[in-house]
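**Student:** what's the 3D shape of this:
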Amino acid sequence: MQTIFIMVKCELGKTYDVANHLVLEIEQVSEVHSISGQYDLMVKCYLPQEMDIGHFVASKIQLVPGIKDTFTLIAFKAFA
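**Tutor:** Residues are numbered from 1 along each chain as shown. I've put the predicted structure just below:
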């Protein structure tokens, strides 16, 4: 399993709509947090090892209505 975090910049007034869509419609999305700074949302996803991260982001995340920009981070190890 691969863990990725995607920071999402939304169109004005669309943050809650985008967050709801991500949580309800994309099964790989584990959590969505509203954040401060340049981006509006932080999205945590778990992907199967064989899944292409770039294709997932381009075809599943970036096409959600209301998303303006994304920035993807790949996690190496989780510390408990």
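
**Student:** mind listing what's buried in stretch 4-20?
**Tutor:** I4, I6, M7, V8, K9, C10, K14, T15, V18, A19 (16 or more other C-beta atoms under 10 Å). Quick note: C-beta positions are derived from backbone N, CA and C, even for glycine.

**Student:** if I look at K60, how far off is S30?
**Tutor:** Noted for K60: a distance of 14 Å to S30, by C-beta to C-beta, to the nearest Å.

**Student:** what of G37?
**Tutor:** G37 is 21 Å from S30, by C-beta to C-beta.

**Student:** of those two, give the one with the bigger neighbour count.
**Tutor:** Applying other C-beta atoms under 10 Å to G37 and S30 shows that S30 carries more neighbours, namely 11 against 8.

**Student:** for this protein, longest helix please?
**Tutor:** Counting by DSSP state H, the longest helix found in the chain is helix 15-25.

**Student:** after it, which helix or strand is next?
**Tutor:** Next along the chain after helix 15-25, taking DSSP states H and E as the criterion, comes strand 29-34.

**Student:** do you know the pLDDT at A80?
**Tutor:** Note on A80: pLDDT of 84.

**Student:** and it, how many neighbours?
**Tutor:** With other C-beta under 10 Å as criterion, A80 counts 2.

**Student:** which stretches of the protein form strands?
**Tutor:** 2-10, 29-34, 41-47, 67-74 (DSSP state E).

**Student:** the inter-axis angle of the second one versus helix 15-25?
**Tutor:** For the pair strand 29-34 and helix 15-25, the angle between their directions (axes from the mean of the first three to the mean of the last three C-alpha atoms, to 10 degrees) equals 170 degrees.

**Student:** list the buried ones in strand 29-34?
**Tutor:** V29, V32.

**Student:** how far is that strand from where the chain is centred?
**Tutor:** 7 Å (C-alpha atoms, centre = their mean, to the nearest Å).
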